[in-house]
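In: sequence and predicted structure are below.
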Amino acid sequence: MKRMRRRVVLALPLVFLAVVFVPVSAQNTSKRAMSLDDILSFRAMSTASLSPDGKWFAYRVAPLEGNSEVIVRSTSGAQEWKFPAGEGAGPMSFSDDSMWFATSTSLTRQEAEAARRARRPIQTSALIVNLSNCEKVSVPKVRRFAFNGEMGGWIAMHRYGPDAAAGAGAAPAGRGAGPAPAADAPRDTRPRGTDMILRELKTGTELNVGNVFEFGFNKSGKYLALNIDAADQAGNGLQIRDMSAGTITSLETDKAFYERMSWTTEGDAISMLKGSDDRAYRERLFSVMGFTGFGSGTPKKVVYDPKQDKTFPAEMSISGNRAPMWTESRDALIFGIAELTKVPRPAGCSDTAPA
C-alpha cells in the first residue's frame with residue numbers, strides 16, 4: 001500500500017506540467033493586440049429588403065470605413081449574387097411583382113477621395129437587376145429611383161442637375177422650408193427641376209422628362225405625378241402621366257413655386273403647396289391645394305388660400321416645413337401654419353409721401 005501511494009504522488013507533477021505550460025506557450029505565438037485597422041475592417045449588415053413574394057432577400061454589407069457590397073440571395077435555394085456598391089449606404093428595393101431589384105451605388109473610397117480633391121460632385125448611380133437571369137444595368141447620376149407600384153413594368157430615375165463644377169448646380173430641394181434669409185439677401189428663384197428617366201424594364205426603352213422637381217407613383221402605379229419647376233417658372237405646376245395610356249395631363253400651372261407633393265396611402269388623392277414671394281416677408285407665402293377623384297373622370301381640385309380667408313390668423317401663413325394631408329374621408333385638408341417675419345424697412349423710408 002505504501003508503494004502505491006508513492007507512485008501516485010510522483011505522477012502528479014508530470015500531469016500539472018503538461019496542463020499549464022503547453023497552452024501558455026501556444027497563446028504567445030498566435031495572439032496579438034487588436035489595432036484600429038482591425039476595427040475599421042469589421043463588416044456589418046446595414047440596409048436590408050425582402051421581396052414582396054418572399055423569395056428574395058437583399059442586404060448591404062460594409063465596414064466602418066471602406067467600400068460596401070450588396071448581396072441578393074434566394075430564400076429557398078443557394079442562388080446568390082454580389083454587387084460592389086462603393087462607399088456609404090443607399091436605398092434598395094424590389095418591384096411589386098418581385099421580378100426586379102434596384103439599389104443605389106456610390107463611388108469607391110479611392111474614387112470619392114479623388115473627386116473631393118478635384119472638387120467634383122460625388123453622385124450616386126442606380127443599379128437595376130433582372131432577378132430571372134441576373135442581367136443588370138447601371139444608370140449614372142441618379143439621386144432617387146422608384147418602381148411604379150402594383151402595375152409594374154417601369155422604373156423612374158431622378159437625375160442630378162449639371163455638375164456644380166460647371167457653375168450650374170441645381171438649387172437645394174425643399175426651398176422655403178429652411179431658415180429665413182437675411183433681409184437684404186436675394187431671393188432664391190433658381191429652377192429646381194432636373195431630368196427624370198422613365199425606363200420600361202422589359203424592353204429597356206427610356207423616356208426623358210425635363211424640369212422635374214418632385215415625382216411620385218400612386219399605389220396602383222397607374223398614375224405618375226410630376227411637379228415641374230422650370231427656368232422663369234415657365235410651365236411650373238402639377239402634371240399627371242397615365243402609365244397605361246402614356247398621356248400627360250396638366251392639372252395645375254402658374255408662375256409659382258410648387259412643393260411638398262404627396263399622394264395618399266391609397267393613391268386616390270394628392271396634395272401639395274403653392275408658394276409666392278412677398279417682399280414684405282422673409283418667408284415664402286403658401287396656399288394649399290389638392291386633387292381627388294383619380295380614375296373616375298376629371299380629378300376635382302380644391303384650393304385654400306389664407307389671403308382669401310379673413311378668419312386666418314394675422315401675420316401667419318401656411319407652413320412650408322410639412323406636406324399637407326387629406327383626411328380619410330377626403331373632405332378636408334390638414335396643414336401646418338407658421339408665423340411670418342417682416343422685412344425691416346430701410347432707414348429713411350416712410351409710409352407717407354413728403355410734404
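Out: That came through fine.
In: so what pLDDT did Met289 get?
Out: Looking at Met289, its pLDDT reads 97.
In: would you agree it falls within a helix?
Out: No - under DSSP: H, G, I helix; E, B strand; the rest coil, Met289 sits outside any helix and is assigned strand.
In: what sits against it?
Out: Neighbouring residues of Met289 by C-beta atoms under 8 Å, 6 or more residues apart in numbering: Glu252, Ser271, Met272, Leu273, Lys274, Lys301, Val302, Val303, Tyr304. (Each C-beta comes from the backbone N, C-alpha and C, glycine too.)
In: same thing but at 7 Å, please
Out: Each residue near Met289 by C-beta atoms under 7 Å, 6 or more residues apart in numbering is listed here: Glu252, Met272, Lys274, Lys301, Val302, Val303.
In: cool, Gln239 as well?
Out: So Gln239 contacts Leu226, Ile228, Ile248, Thr249, Ser250, Leu251 (C-beta under 7 Å, 6+ apart).
In: try it again with 8 Å
Out: Counting by C-beta under 8 Å, 6+ apart, the residues that Gln239 touches are Ala225, Leu226, Ile228, Ile248, Thr249, Ser250, Leu251.
In: tell me which element it is part of?
Out: Using DSSP states H and E, Gln239 maps to strand 237-242.
In: nearest residue to the spatially most central residue of the chain other than its sequence neighbours?
Out: When C-alpha atoms, centre = their mean is applied to the chain, the residue found nearest the centroid is Arg144 (5.6 Å). Leaving out its chain neighbours, the residue that sits closest to Arg144 by C-beta to C-beta, 6 or more residues apart in numbering is His158, at 4.5 Å.
In: so the one you found makes contact with Lys141?
Out: No - using C-beta atoms under 8 Å, His158 is not in contact with Lys141; the gap is 9.9 Å.
In: looking only at neighbour counts, state which of these two leads.
Out: Higher neighbour count among His158 and Lys141: His158, with 21 against 18, using other C-beta atoms under 10 Å.
In: that one: what's it in contact with?
Out: His158 makes contact with Val142, Arg143, Arg144, Phe145, Thr194, Met196, Val212, Phe215 under the criterion C-beta under 8 Å, 6+ apart.
In: and the last one, bridged to which residues?
Out: What it means is Phe215. Beta bridges link Phe215 to Leu226 when assigned by DSSP bridges.
In: tell me the pLDDT of it.
Out: 97.
In: now Ile334. Nearest residue, chain neighbours left out?
Out: Using C-beta to C-beta, 6+ apart, the closest residue to Ile334 is Met325 (4.7 Å).
In: which residues does that neighbour contact?
Out: Ser262, Thr264, Ser271, Leu333, Ile334, Phe335.
In: count the neighbours of the closest residue to the second one other than its chain neighbours for me.
Out: What that stands for is Thr264. Of all residues not flanking Thr264 in the chain, Trp326 sits nearest, at 5.3 Å (C-beta to C-beta, 6+ apart). By other C-beta under 10 Å, the residues close to Trp326 number 23.
In: quick one: Trp326 and Thr292 touch, right?
Out: Yes - between Trp326 and Thr292 there is a contact under C-beta under 8 Å: 7.4 Å.
In: now do the shared contacts for the two.
Out: Ala269.
In: save the contacts of Met289 as CSV, and put in pLDDT, secondary structure and distance to Lys202 too.
Out: What follows is the contacts of Met289, written out as CSV (pLDDT from 0 to 100; DSSP: H, G, I helix; E, B strand; the rest coil; distance: C-beta to C-beta, whole Å):
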residue, pLDDT, secondary structure, distance to Lys202
Glu252, 96, strand, 33
Met272, 98, strand, 32
Lys274, 97, strand, 38
Lys301, 95, strand, 35
Val302, 96, strand, 38
Val303, 96, strand, 40
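In: just the buried ones from those residues?
Out: Buried subset of the contacts of Met289 (neighbour count, 16 or more other C-beta atoms under 10 Å): Glu252, Met272, Lys274, Val302.
In: just list whatever residues bridge to the third one.
Out: This means Lys274. Bridge pairing for Lys274 (DSSP bridges) gives the partners Tyr258, Ser287.
In: how close does it get to Ala33?
Out: According to C-beta to C-beta, to the nearest Å, Lys274 stands 63 Å off from Ala33.
In: how many neighbours does the nearest residue to Pro52 once chain neighbours are set aside have?
Out: Once flanking residues are discounted, Pro52 sits nearest to Ser98: 5.2 Å by C-beta to C-beta, 6+ apart. Using other C-beta under 10 Å, Ser98 has 16 neighbouring residues.
In: pretty sure Ser98 contacts Asp53?
Out: Yes - using C-beta under 8 Å, Ser98 is in contact with Asp53, at 4.2 Å.
In: what about the closest residue to Gly237 other than its chain neighbours, how many residues nearby?
Out: Distances taken as C-beta to C-beta, 6+ apart put Thr253 closest to Gly237, at 3.5 Å, once the chain neighbours are dropped. By other C-beta under 10 Å, 15 other residues sit near Thr253.
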